[in-house]
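A.B. asks: sequence unknown, structure follows:
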């Protein structure tokens, strides 16, 4: 089984829970390709997240490339 990575953003909202990791749905076969996408599309992704969450969005803290399992683990650690 191959491991795939997804662009993942740590966001802060003005609702509870306020902190969480969200993932884009497009899979990358390796972390390097995913990181390259972040470098080239960060501004566009910030706008997209802002449009999606509207006034509820406080900030986008960081972007990382991780597996679905890692995102679930990190969100569980945050109390989701």
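C.D. replies: Alright, I've got the coordinates. Since the model is a prediction, treat every value here as computed from it, not as a measurement. Numbering: from 1, shown residues only.

A.B. asks: what about the strands in this structure?
C.D. replies: 6-13, 19-23, 57-66 (DSSP state E).

A.B. asks: Same list as before, these that is, but in a markdown table and with mean pLDDT and distance to residue 80 included.
C.D. replies: No exception for glycine: its C-beta is placed from N, CA and C like everyone else's. Below are the strands of the chain laid out as a markdown table (pLDDT from 0 to 100; distance: least, Cβ to Cβ, whole Å):
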| stretch | mean pLDDT | distance to residue 80 |
| --- | --- | --- |
| strand 6-13 | 98 | 12 |
| strand 19-23 | 97 | 6 |
| strand 57-66 | 97 | 15 |
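
A.B. asks: could those strands be laid out in TSV, adding mean neighbour count and distance to residue 73?
C.D. replies: Converted to TSV, these look like this (neighbours: other Cβ atoms under 10 Å; distance: least, Cβ to Cβ, whole Å):
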stretch	mean neighbour count	distance to residue 73
strand 6-13	19	12
strand 19-23	18	9
strand 57-66	16	9
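
A.B. asks: Switch those over to CSV; also include distance to residue 36.
C.D. replies: Below are the strands of the chain laid out as CSV (distance: least, Cβ to Cβ, whole Å):
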stretch, distance to residue 36
strand 6-13, 11
strand 19-23, 17
strand 57-66, 10
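
A.B. asks: Out of the ones you listed, flag the one nearest residue 43.
C.D. replies: Among the strands of the chain, the nearest to residue 43 by Cβ to Cβ is strand 57-66 (11.0 Å).
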